[in-house]
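Enquirer: Below is the structure, and that's it, no one-letter string:
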């Protein structure tokens, strides 16, 4: 299910310090539910929350970057203890400059997980130095543009899969260097 070939995958993975993710279609199943009172509800996977924890344990922060500005997304970000949440961002590509300035990171330290055409701009920027991914059910043009397409659908553990992939490759790089030094 991998997309693009990454000759320096382990090096790139070991540099990641922030995983940015879209929300709708990645952290959620892309559905929107409404209560009888008109309240918007979204379905999130608790497995993705564990992905945040695993990244945090590896020294990697996570953040949501979404076009939508929803109270349920804010609540989920608080529950996950995210340091950064950028909502209502219509031009994610242009917003990357703000993110790098606010976090003090470089493009090589960023990974991005997105699923739809509004993610293509930032995917193109991030993939030159960082890492990019998409859920299994991402639109095809996005799936072909990223480094890695995970096996889970949006809202069903896609973020967890991407987190595992990054941690696995970053750890493999470290263990290979340690073995090589012996």
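Expert: Structure received. None of these values were measured; they are calculated from a predicted model. Residues are numbered from 1 along each chain as shown.
Enquirer: From the chain's centroid, how far away is the longest strand seen in the chain?
Expert: Longest strand in the chain, counting residues (DSSP state E): strand 61-66. Centroid separation between strand 61-66 and its chain, computed with CA atoms, centre = their mean, to the nearest Å, is 7 Å.
Enquirer: got it, and stretch 18-25?
Expert: The answer for stretch 18-25 is 4 Å, by CA atoms, centre = their mean.
Enquirer: Can you measure across it, start residue to end residue?
Expert: Start-to-end span of stretch 18-25 (CA to CA, to the nearest Å) is 20 Å.
Enquirer: what do you get for stretch 78-88?
Expert: With CA to CA as the measure, the first residue of stretch 78-88 is 17 Å from its last.
Enquirer: Would you mark the buried spots in that stretch?
Expert: Residues 80, 82, 85, 86, 87 are the ones in stretch 78-88 that count as buried (16 or more other CB atoms under 10 Å). The way it works is simple: take the backbone N, C-alpha and C, and place the C-beta from them, glycine included.
Enquirer: Quick check: chain neighbours aside, which residue is closest to the first one?
Expert: Computed as CB to CB, 6 or more residues apart in numbering, the closest residue to residue 80 that is not its neighbour in sequence is residue 52, at 4.9 Å.
Enquirer: just checking, the one you found is part of a helix?
Expert: Yes - applying DSSP: H, G, I helix; E, B strand; the rest coil, one finds residue 52 inside a helix.
Enquirer: Is it in contact with residue 162, as I believe?
Expert: No - using CB atoms under 8 Å, residue 52 is not in contact with residue 162; the gap is 11.1 Å.
Enquirer: what's the longest strand of the chain packed up against?
Expert: The contact analysis (3 or more CB pairs under 8 Å, 6 or more residues apart in numbering; DSSP states H and E) places strand 61-66 against strand 18-21, helix 46-57, helix 71-80, strand 84-87, helix 92-103.
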